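1. build the 3D model from these lines:
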Amino acid sequence: MGKQARQLACLVAVESRFMDMQTSYEDVLQRAEKLPPGQRLLLIEHLIRQMRSTQTEQDAHPAWEDYAASAPYPLCGEDAQAWVSRTRRESDKSRN
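-> As a prediction, the model looks like this:
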């Protein structure tokens, strides 16, 4: 598989994961719209309380640990160190 094919496969995989998250979000919105007004208010109150407690526990900036294990290993079929080494070699060749 060539470099461009690998990159395309990687982009497709990442986009697919994003679309799965988007679908889940849309499902939650649709379900919330079906709740009676009183239960919607309870849901809103719960979410606000949860956000406030989470916000006080964290900095305004997420830590790198928040992203740890969010992608399958190896991402796009290539070890991270192998990717760094390969891209450095390719960069060096293009400069010469």
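
2. now the host helix or strand of Glu45: average pLDDT?
-> Assignment of secondary structure by DSSP states H and E places Glu45 within helix 37-57. Predicted confidence along helix 37-57 averages 84 (mean pLDDT).

3. what's in contact with it?
-> Residues lying outside helix 37-57 but in contact with it, judged by Cβ atoms under 8 Å, 6 or more residues apart in numbering, are 32, 35. From N, CA and C alone the C-beta is placed, and that goes for glycine too.

4. could I get the full set of helices for this protein?
-> Residue ranges of the helices in the chain, as given by DSSP state H, are 3-34, 37-57, 80-95.

5. now tabulate the ones you listed in a markdown table and tack on mean neighbour count and distance to Ala69.
-> As requested, these are arranged in a markdown table below (neighbours: other Cβ atoms under 10 Å; distance: least, Cβ to Cβ, whole Å):
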| stretch | mean neighbour count | distance to Ala69 |
| --- | --- | --- |
| helix 3-34 | 11 | 13 |
| helix 37-57 | 10 | 19 |
| helix 80-95 | 10 | 13 |
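
6. of the ones you listed, which is nearest Ala63?
-> Go through these one by one with Cβ to Cβ and the one that ends up closest to Ala63 is helix 37-57, at 11.5 Å.

7. let's see the closest one as CSV, backbone CA atoms only.
-> Taking only C-alpha atoms (Å, rounded to 0.1, in the frame of the first residue of the first chain), the coordinates of helix 37-57 have been written out as CSV:
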residue,chain,number,x,y,z
PRO,A,37,-41.0,19.2,29.8
GLY,A,38,-40.5,18.3,33.5
GLN,A,39,-38.1,15.5,32.7
ARG,A,40,-36.2,17.7,30.2
LEU,A,41,-35.7,20.3,32.9
LEU,A,42,-34.4,17.5,35.2
LEU,A,43,-32.0,16.4,32.4
ILE,A,44,-30.8,20.0,31.9
GLU,A,45,-30.3,20.5,35.7
HIS,A,46,-28.3,17.2,35.9
LEU,A,47,-26.1,18.2,32.9
ILE,A,48,-25.4,21.6,34.3
ARG,A,49,-24.5,20.2,37.8
GLN,A,50,-22.3,17.6,36.1
MET,A,51,-20.5,20.3,34.0
ARG,A,52,-20.0,22.5,36.9
SER,A,53,-18.4,19.8,39.0
THR,A,54,-16.3,18.6,36.1
GLN,A,55,-15.2,22.2,35.4
THR,A,56,-14.0,22.8,38.9
GLU,A,57,-12.0,19.6,38.9
